[in-house]
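K.L.:
sequence and predicted model, in that order:
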Amino acid sequence: MTLLQLDVPLEAESLTKVTVTGPPQLSVAVTRPMFGAGGAVKHWTVAPAGQVSAGAVVSFDLNFRAKLWQISGGLAKAHETLRRICANVDVLVGNEEDLQKGLGLKGPEVEAKHKLDPSAFFGMMDQVAKELPNIKIVATTLREVHSTNRHDWSAVAWINGKTHVAPTCELDVLDRVGGGDGFAAGFFYGLLSGASPEEALKLGWAHGGLLTTTPGDTTMVTLDQVQAFAKGGSARIQR
């Protein structure tokens with residue numbers, strides 16, 4: 001299975017065309033927003049080139065940012081743009097707020113009483129399956145913040161109609177930035193390496209959690225450390 005990651009932030013200063021290229025038949029062209037008068041988006045397209053027919057799996061991080069869309073056409077434009085992208089996606093990373101506000105899907109109230117309760121997320125999967133039938137996997141992290149440096153951490157995934165929940169752990173957080181990307185990277189690694197859905201989810205959960213215990217948003221942990229944590233080890237890095 002070949003996995004192509006489309007992570008397209010909406011940045012007003014970025015007007016360039018980015019091309020992510022693997023083998024020729026698996027090329028994906030990503031065009032970032034082009035802005036007109038007043039900062040309004042003129043066009044923003046993602047144009048897959050042959051990856052579906054070649055059997056590639058496309059992922060997209062639905063990282064909805066309300067303030068950026070306020071100056072770029074509002075919610076209606078966000079829904080139109082992100083749905084057009086998601087029509088070419090197999091694996092979606094995003095929580096219930098991203099699904100509701102970014103794609104306009106209906107579901108339970110975004111504000112949950114318990115941040116680690118997966119029911120709101122799973123409650124939206126029927127809507128995803130109905131409106132975006134091409135999407136086979138949706139996954140996200142769950143986080144309960146007690147203080148800057150103490151978080152409860154978990155993750156969930158909906159994979160081919162079945163639900164999966166990672167364990168919950170307490171993290172001593174050094175830098176929370178990048179935890180979600182670390183989760184996606186570990187999750188994708190599991191999917192690509194032939195792990196079971198449960199194992200792939202745990203690898204994502206473990207990598208994202210460990211990443212927040214080190215400086216910066218680029219991983220400093222090893223595969224052995226991720227695998228050990230995923231199997232029930234400590235989140236404390238072994239030096």
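P.N.:
The structure has been received and is ready for your questions.
K.L.:
okay, and the helix or strand of the protein with the least pLDDT?
P.N.:
Using mean pLDDT, DSSP states H and E, the weakest-scoring helix or strand in the chain turns out to be strand 17-20, at a mean of 39.
K.L.:
thinking Gly104 is in contact with His79, fair?
P.N.:
Yes. Counting by C-beta atoms under 8 Å, Gly104 does reach His79; the two are 4.1 Å apart. For the C-beta atoms, the positions are set from N, CA and C on the backbone; glycine is no exception.
K.L.:
skip the chain neighbours and tell me the closest residue to the residue most central in space within the chain.
P.N.:
Nearest to the centroid of the C-alpha atoms of the chain, with distances taken as C-alpha atoms, centre = their mean, sits Val93, at 2.6 Å. Leaving out its chain neighbours, the residue that sits closest to Val93 by C-beta to C-beta, 6 or more residues apart in numbering is Asp61, at 4.6 Å.
K.L.:
returning to what we had before: tell me how far the residue nearest to the centre of the chain lies from Phe64.
P.N.:
Val93 is 12 Å from Phe64, where distance means C-beta to C-beta, to the nearest Å.
K.L.:
buried stuff in the host helix or strand of Phe183?
P.N.:
Phe183 belongs to helix 179-192 when elements are defined using DSSP states H and E. Within helix 179-192, the residues scored as buried using 16 or more other C-beta atoms under 10 Å are 179-191.
K.L.:
likewise for stretch 216-224?
P.N.:
Along stretch 216-224, the positions that meet the burial threshold by neighbour count (16+ other C-beta under 10 Å) are 219, 221.
K.L.:
average pLDDT for it?
P.N.:
Along stretch 216-224, the predicted local confidence has a mean pLDDT of 90.
K.L.:
in the protein, what residue spans correspond to strands?
P.N.:
Secondary structure of the chain, counting by DSSP state E: strands at 3-6, 17-20, 28-31, 34-35, 41-43, 46-48, 57-61, 91-93, 137-147, 150-159, 162-165, 169-172.
K.L.:
Phe229 contacts Gly209, doesn't it?
P.N.:
Yes. Phe229 sits in contact with Gly209 when judged by C-beta under 8 Å, with a separation of 7.1 Å.
K.L.:
higher neighbour count, the two?
P.N.:
Neighbour comparison, Phe229 and Gly209: the larger count goes to Gly209, with 30 against 25 (by other C-beta atoms under 10 Å).
K.L.:
so what's that one up against?
P.N.:
Going by C-beta atoms under 8 Å, 6 or more residues apart in numbering, Gly209 touches 153, 169, 171, 179, 182, 229, 235.
K.L.:
give me the distance between it and Gln227.
P.N.:
Distance check for Gly209 against Gln227: by C-beta to C-beta, it reads 13 Å.
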